[in-house]
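Novice: attaching a predicted model along with its sequence, questions to come.
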Amino acid sequence: MYLEHFGLTEFPFGLTPDTQFYFDLPSHREALNILLIALHNGEGFIKITGDIGTGKTMLCRKLLNQLQAPFVTAYIPNPHLTPAGLRMAIADELGISYTRNAGQSRMLQQINQFLLNAAANLQKPVLIFDEAQAMPVETLEALRLLSNLETEKQKLLQIVLFGQPELDVLLQKKSIRQLRQRISFSYTLKPLSSQDVNAYVKHRLMIANLTTANLFSPIANKALHFYSKGIPRLVNILSHKALLSAYGKGLNKIGFKQVQLAAQDTEDTANRRLPFECRKSILFFLLFSISLMIIKHKVLP
């Protein structure tokens, strides 16, 4: 592969949510600050939404790493569960012992007792759901009933929902309006700006121990932003393929052509065509770069 060719020690644009590569993007920073403030203040429900590939799972993992004692966390990555399955998943994550044939009333009592004991020990249990838009309505209602567990002074359980925009549509259902009203903080992750894409790519390359400066040309970074529309997952896919393309040609720099080829090879970006004004700008930039090279060649002995 291209690691040795570019002097990298690991692949910089993997699709797994490796928090080693977490970059403090403005939108992610705002979301993480909201989450930490809300959780430290003891808020009940918090919701983070974003389109596919905007980095929700990465942010979720970052939050889990940040929440140290007195927080006790339970992470449920696939909440497409029945109400009974939800309670069992919560019990498993919190380390609550139960028999498989335990009735749901008994299960609820055990969860409640765990939460009361945690409060007595000054602990703060937090449930974190990824892909929350996949949760059935009846399971969301069961989750709301769990959130009713509280003392006169505090909530016994805090809940964070990470989901796609479909989660907002789901929460508009009249049958779960009580849950919607309990969401005290919410935030929507935004796509990256052109400057963010540039900084994001440089950061991931730096974590992968790149020693060469400006591996991606300015025009390549602009192309990455255009084709990805600022979605981090697409930036990763296109950057990885652009590196493969450059490696295959023996190139040491990534230019517009490599990003364009990567975009044409990617289903979500294959049909995106540069507007006429962008094509003019690229042509001007290329002509300007060639002119500088010619001038430099003539000036230097």
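Specialist: Perfect, I can see it now. Numbering: from 1, shown residues only.
Novice: all helices of the stretch 101-250 of the chain, in order?
Specialist: Here the stretch 101-250 of the chain has its helices, by DSSP state H, counting those that start in this stretch, at 104-120, 137-146, 166-171, 177-182, 194-207, 218-228, 232-249.
Novice: would you verify that residue 53 is located in a helix?
Specialist: No - counting by DSSP: H, G, I helix; E, B strand; the rest coil, residue 53 is located in no helix; its state is coil.
Novice: residue contacts, it?
Specialist: Taking CB atoms under 8 Å, 6 or more residues apart in numbering as the criterion, residue 53 is in contact with 231-234. All C-beta atoms are positioned from the backbone trio N, CA, C, and that covers glycine.
Novice: with adjacent residues omitted, what lies nearest to it?
Specialist: Closest residue in space to residue 53, ignoring its immediate chain neighbours: residue 233 at 3.1 Å, by CB to CB, 6 or more residues apart in numbering.
Novice: go on, residue 50?
Specialist: Once flanking residues are discounted, residue 50 sits nearest to residue 189: 3.2 Å by CB to CB, 6+ apart.
Novice: contacting residues for that neighbour?
Specialist: Going by CB under 8 Å, 6+ apart, residue 189 touches 27-28, 31, 48-51, 54-56, 59.
Novice: what is the burial count for residue 271?
Specialist: 8 (other CB atoms under 10 Å).
Novice: does it sit in a helix or strand, and which one?
Specialist: Here residue 271 sits in a region with no helix or strand, counting by DSSP states H and E.
Novice: measure it to residue 190 for me?
Specialist: According to CB to CB, to the nearest Å, residue 271 stands 23 Å off from residue 190.
Novice: picking that back up, where's the residue nearest to residue 50 relative to residue 117, distance?
Specialist: Residue 189 is 35 Å from residue 117, by CB to CB.
Novice: same check on residue 232?
Specialist: Computed with CB to CB, the distance linking residue 232 and residue 117 is 40 Å.
Novice: columns mean pLDDT, distance to residue 35 and mean neighbour count on top of the helices of the stretch 101-250 of the chain, output as JSON lines?
Specialist: Shown next, in JSON lines, are the helices of the stretch 101-250 of the chain (pLDDT from 0 to 100; distance: least, CB to CB, whole Å; neighbours: other CB atoms under 10 Å):
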{"stretch": "helix 104-120", "mean pLDDT": "89", "distance to residue 35": "20", "mean neighbour count": "15"}
{"stretch": "helix 137-146", "mean pLDDT": "91", "distance to residue 35": "18", "mean neighbour count": "18"}
{"stretch": "helix 166-171", "mean pLDDT": "94", "distance to residue 35": "16", "mean neighbour count": "17"}
{"stretch": "helix 177-182", "mean pLDDT": "90", "distance to residue 35": "16", "mean neighbour count": "15"}
{"stretch": "helix 194-207", "mean pLDDT": "95", "distance to residue 35": "20", "mean neighbour count": "19"}
{"stretch": "helix 218-228", "mean pLDDT": "93", "distance to residue 35": "25", "mean neighbour count": "23"}
{"stretch": "helix 232-249", "mean pLDDT": "96", "distance to residue 35": "18", "mean neighbour count": "21"}
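Novice: mind putting those into CSV with distance to residue 87?
Specialist: Converted to CSV, the helices of the stretch 101-250 of the chain look like this (distance: least, CB to CB, whole Å):
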stretch, distance to residue 87
helix 104-120, 5
helix 137-146, 7
helix 166-171, 20
helix 177-182, 16
helix 194-207, 39
helix 218-228, 40
helix 232-249, 32
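Novice: those: which one's closest to residue 75?
Specialist: helix 137-146 (14.7 Å; CB to CB).
Novice: wait, residue 51 touches residue 165, no?
Specialist: Yes - counting by CB atoms under 8 Å, residue 51 does reach residue 165; the two are 6.5 Å apart.
Novice: more neighbours: the two, which one.
Specialist: Comparing residue 51 with residue 165 by other CB under 10 Å, the one with more neighbours is residue 51, at 16 against 13.
Novice: residues contacting that one?
Specialist: Counting by CB under 8 Å, 6+ apart, residue 51 touches 164-165, 189, 191, 231.
Novice: and these as TSV, adding pLDDT and distance to residue 15?
Specialist: Listed next are the contacts of residue 51 as TSV, based on pLDDT from 0 to 100; distance: CB to CB, whole Å:
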residue	pLDDT	distance to residue 15
164	96	17
165	95	21
189	96	17
191	95	17
231	96	12
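Novice: which one of those residues sits closest to residue 262?
Specialist: Distance to residue 262, by CB to CB, is smallest for residue 231 among the contacts of residue 51, at 14.1 Å.
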